[in-house]
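# Sharing a model that was predicted from the sequence below.
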Amino acid sequence: MSTPQIIDSHIHLFPESHLETLSWHSENNPLGAQHSVAEYRQAISPEVRGFIFLETDRISSLSPNDWNHALDEVSFLARIALGTPVPGEGHETKDKDLCLGIIPWAPVPAGANAVARYLELARERSGDAWKAVRGVRYLVQDKAAGTMVGEEFVDALKYLGREGLKFDLGVDARSGGLGQLREAVEMMERVYEGGDEVTIVINHMCKPNLRLDAMDVQLHPEFLEWRDLIGQLARAPRTYMKLSGAFSELLPLEGEVDISKIVECVTPWTDVVFDAFGAERVMYGSDWPVCNVGGGGNDVSWGRWKSVVEAVLEQRGLSEEEKRGVWGGVALHAYGIEI
């Protein structure tokens with residue numbers, strides 16, 4: 001079984017000098033150290049053609065006074081994309097060929113005008129790397145209920161669509177509850193009701209509760225509601241789903257790992273995703289380095305998830321063309337990237 005060219009649609013990067021600007025950073029956090037392109041290269045397989053970077057939840061707010069850390073992240077990614085490394089940040093000139101797309105933070109709940117103002121500042125920071133900016137993310141999984149359905153939030157997404165920029169949606173069904181998915185459905189209904197054409201890329205299968213008993217999962221009320229909500233999210237033709245993030249929702253992997261057991265656990269959930277979205281709207285992502293925490297560390301976690309996805313696609317019976325799409329073609333299409 002060979003894997004086609006891979007576009008890793010979801011990774012995070014941060015240098016040691018920026019750790020204090022991460023909202024979740026602490027000395028005891030297992031991700032509380034530099035995670036660079038150099039480390040990423042050590043983890044990946046030769047099939048990887050490039051990655052799409054997702055913002056890392058910097059300390060920020062909707063006030064322009066609190067945008068500097070997020071803009072510093074844009075400057076950091078611009079250095080990677082342009083091949084102009086700074087000593088100590090863990091990347092080289094050659095790494096610019098890996099950086100295919102950048103999804104920075106943006107103050108989406110503040111509305112279209114605030115997003116436009118922020119993106120103008122981001123454009124100034126990124127210079128010639130602006131062409132790699134394909135959209136934005138504002139992480140809603142830890143925000144107050146109602147955030148996604150606020151008028152300003154919806155207007156901001158419509159603005160992104162008019163500008164040809166995508167929106168990455170991060171919700172959390174396991175830790176945040178299925179109410180987040182219900183709210184996301186309502187948000188999409190409002191966004192698309194006027195015929196607006198924003199592309200929404202949903203992260204990590206909405207972080208399903210993969211810790212439910214695999215033997216009875218398809219009869220569990222939580223699974224059944226998650227399944228129905230995924231179907232509703234997929235109704236909009238410009239929505240996509242990332243096949244990623246599972247190691248954060250499974251119990252941590254310890255000792256000898258049986259890949260077939262992981263495949264058995266995730267298959268009911270991935271079947272729902274493929275049934276709802278079709279292979280033409282599902283893309284592979286590693287969620288590196290977050291995958292290292294539950295997946296066994298940098299030496300093995302990326303490869304383990306790749307093996308799981310290979311088995312899922314084979315078990316699903318996808319054609320070779322569909323497999324190529326999941327591994328890379330869908331991400332390129334969704335984000336409008338040409339290579």
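Yep, that arrived.
# quick one: contacts for Pro85?
79, 91-93, 95 (Cβ atoms under 8 Å, 6 or more residues apart in numbering). Where you see a C-beta, it was placed from the backbone N, CA and C, and this is true even at glycine.
# all strands of this structure, in order?
Here the chain has its strands, by DSSP state E, at 6-11, 48-54, 99-103, 135-137, 166-169, 200-202, 239-243, 282-284.
# of the contacts of Pro85, buried ones?
Neighbour-count burial (16 or more other Cβ atoms under 10 Å) is assigned, among these, to 79, 91, 95.
# What distance do you get for Pro104 to Gly245?
Distance, Pro104 to Gly245, using Cβ to Cβ, to the nearest Å: 20 Å.
# which residues of this structure score low on pLDDT?
For the chain, the stretches with pLDDT under 70 are 1, 196, 214.
# where exactly do the helices run in it?
Taking DSSP state H as the criterion, the chain carries its helices at 37-43, 68-82, 112-126, 151-162, 179-192, 221-233, 246-249, 259-277, 290-295, 301-316, 320-324, 330-335.
# Using JSON lines, please lay out these together with distance to Gln5.
Converted to JSON lines, those look like this (distance: least, Cβ to Cβ, whole Å):
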{"stretch": "helix 37-43", "distance to Gln5": "16"}
{"stretch": "helix 68-82", "distance to Gln5": "20"}
{"stretch": "helix 112-126", "distance to Gln5": "26"}
{"stretch": "helix 151-162", "distance to Gln5": "28"}
{"stretch": "helix 179-192", "distance to Gln5": "31"}
{"stretch": "helix 221-233", "distance to Gln5": "27"}
{"stretch": "helix 246-249", "distance to Gln5": "22"}
{"stretch": "helix 259-277", "distance to Gln5": "21"}
{"stretch": "helix 290-295", "distance to Gln5": "20"}
{"stretch": "helix 301-316", "distance to Gln5": "13"}
{"stretch": "helix 320-324", "distance to Gln5": "7"}
{"stretch": "helix 330-335", "distance to Gln5": "10"}
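# Which one, of these, ends up nearest to Glu27?
When these are compared by Cβ to Cβ, helix 290-295 sits nearest Glu27, at 15.5 Å.
# Name the residues that touch that closest one?
12, 30-31, 43, 245, 247-248, 250-253, 298, 301-302, 304-305.
# Many thanks, have a good one.
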